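> structure here, sequence nowhere to be found:
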C-alpha cells in the first residue's frame, strides 16, 4: 500500500512539473475603438491553432502547451485576411506566459506573471 501511494505521488508531481514547462497565452483587454473590431470578424491563430476570438471575456489561458524552445507564429485575422503577424518566442522573452491585448491602433504582447495567466 505504501509503495502504491509513493508511486501515485511521483506520477502526480511529474505531471505538475511537466505542466510548468509549457508556454501559455492569455488575452488582455481590447481597447480598440471601432465596434467592428469587437465582432466575430476578428480572431487570432497561433501556429495551426483553432480560431481564438478576442471579443469574448477569457479567464485563464486561451492556448497552452506551447513548446518553450520553439518560435510560434501569431496571426491576427480580420474578415479571414491576415492583418498582422509576429513571432512569439518564449526564450527571447524569458517567460512561460504572455498576454496579448489590443490598444487603439495596435496589438501588444508582453510577458506576464503566473497570477495573471494561470
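Nice, I can see it. Computed from a predicted structure; not experimentally measured.

> quick check: residue 90 touching residue 64?
No - using CB atoms under 8 Å, residue 90 is not in contact with residue 64; the gap is 11.9 Å. Where C-beta positions appear, they are placed from N, C-alpha and C, glycine not excepted.

> who's more crowded, these two?
residue 90 (21 against 16; other CB atoms under 10 Å).

> distance of the more buried one from residue 24?
Using CB to CB, to the nearest Å, residue 90 is found at 9 Å from residue 24.

> give the residues shared as contacts by residue 90 and residue 64.
residue 23 (CB atoms under 8 Å, 6 or more residues apart in numbering).

> one step back: overlap of the contact sets of residue 90 and residue 24?
Common neighbours of residue 90 and residue 24 (criterion: CB under 8 Å, 6+ apart): 66, 96, 98.

> the first one: neighbour count?
In this case it means residue 66. Counted with other CB under 10 Å, residue 66 comes out at 20.

> enumerate every residue touching it.
22, 23, 24, 25, 46, 47, 72, 88, 90.

> fine by me, thanks again.
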